[in-house]
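Student: this one's structure only:
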Ligand SMILES: Cc1ncc(C[n+]2csc(CCOP(=O)(O)OP(=O)(O)O)c2C)c(N)n1
Ligand SMILES: [Mg+2]
């Protein structure tokens, strides 16, 4: 990225050499007309803002495997994996995608209330997830099903909250994988505070906070950047820029590529091809090592794409073009690794056939597990509110009990007058 010289900036700001100096005098406008013209121009500028630094031509994108499945080198980030490790990454991505597809289907069949699909983001999640050590701590959003897979959280446990039968479904401390967080960006603060604690304990583990391009506009994320930089906290900010925050495109979140934001806070930022599992693994490893060795935070922007809807409640055909999705399908993270493994004879037909069976078995297991989840006692919602009880909660509990009992098929029917 070129830095504008002071002379050029002065010249641009003063308007020297621009058309303005030589333009013919425009016909006089009334104040009302002037205001209307100004407002139209401002609206146009807001809506047609040119996309920043056309990212697809970004020379700073770290890539180790091209969309065509060719291995390439990068001067700063490298990786050397065994055939077993490569097959492992491929398996992780396939299993994550299969699990995700089952969850979408379960929602469509009324078994889940909602599901946020990870389709397209498998490489970003598996690459970063496999870079983590067991003692590292993870703060996810609501879409990190692939990272959860890497942590060994049983996939079916991710579904309880989306079925409405529990508030999370796993013990964060069993896998160092925090509960899903829906309040956009807030987990970046949790991660920063946790990382500050890790540093105070003198431990050499690291912390990673996942968030999206939309979350990067949240105050919580800005505050996390400030605090983590000033306290040199061992935290990696892993932003999956999937190009959309529901229906808002990235151009409406930022005027600079997101990874460049880090510089203003005083720590490095890197943009990695988020559909390249090798590059995501290499860059996240380096960022975690940096954090562990006391060099402080780093921002990784995984440049990827949300191939599905925001959630099962969303219809992306209302706001984005089919061609856009098609262009990203050609960069599919799973297909590119498969092409590479086949061309290098790292995996044979037997490997792919066995994996097909394994992933179908996962789909069946998850389906079975969800359908046999039992509903909680409705009254349990009042548990764990206050350690010492509360008069207001007692009142609400009594009201709700009466409401429940008012149903004809309630075991308590008839008791309420
Ligand atoms: C504080 C807050 N504001 C708004 C929302 C509603 N909301 C849910 S998801 C979302 C978009 C998030 O986009 P992004 O950070 O890019 O993550 P993605 O869903 O693309 O993975 C919004 C605005 C929320 N959950 N929390
Ligand atoms: Mg997004």
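Tutor: Here it is on my side, so go on. Keep in mind it's a predicted model, so treat the numbers as computed, not measured. Residues are numbered from 1 along each chain as shown. Ligands and ions are numbered 1, 2, ... in the order given.

Student: Quick check: the residue of the chain nearest ligand 2.
Tutor: At 3.6 Å from ligand 2, residue 212 is the closest residue in the chain, using C-beta to the ion. Every C-beta, even on glycine, is put in place using the N, C-alpha and C of the backbone.

Student: gap between that residue and residue 141?
Tutor: Separation of residue 212 from residue 141 (C-beta to C-beta, to the nearest Å) stands at 6 Å.

Student: Overlap in contacts, the two.
Tutor: residue 184 (C-beta atoms under 8 Å, 6 or more residues apart in numbering).

Student: For these two, work out which one has more neighbours and name it.
Tutor: residue 212 (26 against 22; other C-beta atoms under 10 Å).

Student: which ones are touching that one?
Tutor: Applying C-beta under 8 Å, 6+ apart to residue 212 gives the contacts 141, 143, 184, 239-242, 245.

Student: and those near ligand 2, which?
Tutor: Contacts with ligand 2 within those, as defined by C-beta under 5 Å from the ion: 242, 245.

Student: Tell me which of the contacts of residue 212 fall in strands.
Tutor: 239-241, 245 (DSSP state E).

Student: picking that back up, considering only the contacts of residue 212, which also neighbour ligand 1?
Tutor: Applying C-beta under 6 Å from any ligand atom to these, one finds that 143, 184, 242, 245 fall near ligand 1.

Student: The third one and residue 328: what is the separation?
Tutor: Separation of residue 242 from residue 328 (C-beta to C-beta) stands at 10 Å.

Student: joint contacts of those two?
Tutor: Joint contacts of residue 242 and residue 328 (C-beta under 8 Å, 6+ apart) are 120, 305.

Student: quick one, which of the two is more surrounded?
Tutor: Higher neighbour count among residue 242 and residue 328: residue 242, with 26 against 18, using other C-beta under 10 Å.

Student: Skip the chain neighbours and tell me the closest residue to the more buried one.
Tutor: With C-beta to C-beta, 6 or more residues apart in numbering as the criterion, residue 242 has its nearest non-adjacent residue at 3.8 Å, and that residue is residue 306.

Student: what about the one you found, how many neighbours?
Tutor: 27.

Student: Please apply the same query to residue 307.
Tutor: As a burial measure, residue 307 scores 18 neighbours (other C-beta under 10 Å).

Student: What are the phi and psi values at the residue lying closest to it once chain neighbours are set aside?
Tutor: Ranked by C-beta to C-beta, 6+ apart and with sequence neighbours excluded, the top spatial neighbour of residue 307 is residue 120, at 3.4 Å. Backbone geometry at residue 120, expressed as degrees, to the nearest 10, gives phi 100, psi -20.

Student: so who does residue 120 touch?
Tutor: 242, 275, 304-308, 328, 332-333.

Student: Return the subset of the residues you listed lying in helices.
Tutor: The helices, defined by DSSP state H, take in 328, 333 from the contacts of residue 120.

Student: okay, the contacts of residue 120 in CSV with pLDDT next?
Tutor: Formatted as CSV, the contacts of residue 120 follow (pLDDT from 0 to 100):
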residue, pLDDT
242, 98
275, 98
304, 98
305, 98
306, 98
307, 97
308, 97
328, 97
332, 98
333, 98
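
Student: And the residue of the stretch 151-300 of the chain found nearest ligand 1, how far from residue 313?
Tutor: Closest approach between the stretch 151-300 of the chain and ligand 1, counting by C-beta to the nearest ligand atom: residue 212, at 2.4 Å. For residue 212, the distance to residue 313 equals 17 Å [C-beta to C-beta].

Student: Equivalent analysis for residue 110, please.
Tutor: From residue 110 to residue 313 the distance is 14 Å (C-beta to C-beta).

Student: ok, the two, which is more surrounded?
Tutor: residue 313 (12 against 7).

Student: Now that one: which helix or strand?
Tutor: Remark: residue 313 resides in no helix or strand, with elements defined by DSSP states H and E.

Student: tell me the pLDDT at the nearest residue to it once chain neighbours are set aside?
Tutor: Excluding the flanking residues, the one nearest residue 313 by C-beta to C-beta, 6+ apart is residue 114, at 6.1 Å. At residue 114, the pLDDT value in this model is 98.

Student: separation between residue 114 and residue 142?
Tutor: Distance of residue 114 to residue 142, computed by C-beta to C-beta: 9 Å.

Student: Comparing the two, which residue is more hemmed in?
Tutor: Neighbours per residue (other C-beta under 10 Å) separate residue 114 from residue 142, with residue 142 holding more: 21 against 15.

Student: is it true that that one touches residue 181?
Tutor: Yes. Between residue 142 and residue 181 there is a contact under C-beta atoms under 8 Å: 6.9 Å.

Student: to the chain's geometric centre, what's the distance from stretch 237-256?
Tutor: In terms of C-alpha atoms, centre = their mean, to the nearest Å, the centre of stretch 237-256 is found 10 Å from the chain centre.
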